[in-house]
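S.K.: the amino acid sequence is not available; the structure is as follows:
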């Protein structure tokens, strides 16, 4: 399979052109996501590294800061 499509997952040799196909793919493979994001509860900036499958049509993980996790 060539990786000539718009959305690419080099680790799993997968590519596709539609967002629906991409979302379906992200729900079936475990990937590691790293970066900075806003806490989904309070909005504080969070640095994260998360590994898993994205469910419910998500294209990125939703993260919580340490303060909100402990509540």
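M.R.: Okay, I see it. If you're wondering where the values come from, they're calculated on a predicted model, not measured in any experiment.
S.K.: flag the shaky bits of this protein, pLDDT-wise.
M.R.: Applying pLDDT under 70 to the chain flags residues 1-2.
S.K.: okay, buried residues for the longest helix along it please.
M.R.: Longest helix of the chain, by residue count under DSSP state H: helix 19-26. Using 16 or more other CB atoms under 10 Å as the test for burial, helix 19-26 gives 22-23, 25-26. The way it works is simple: take the backbone N, C-alpha and C, and place the C-beta from them, glycine included.
S.K.: residues contacting the residue nearest to the spatial centre of the chain?
M.R.: The centroid of the chain falls nearest to residue 60 when counting by CA atoms, centre = their mean (2.9 Å). Contacts for residue 60 (CB atoms under 8 Å, 6 or more residues apart in numbering) come out as 33, 37, 54.
S.K.: which of these are buried?
M.R.: 37, 54.
S.K.: out of the contacts of residue 60, which is nearest to residue 16?
M.R.: residue 54 (14.9 Å; CB to CB).
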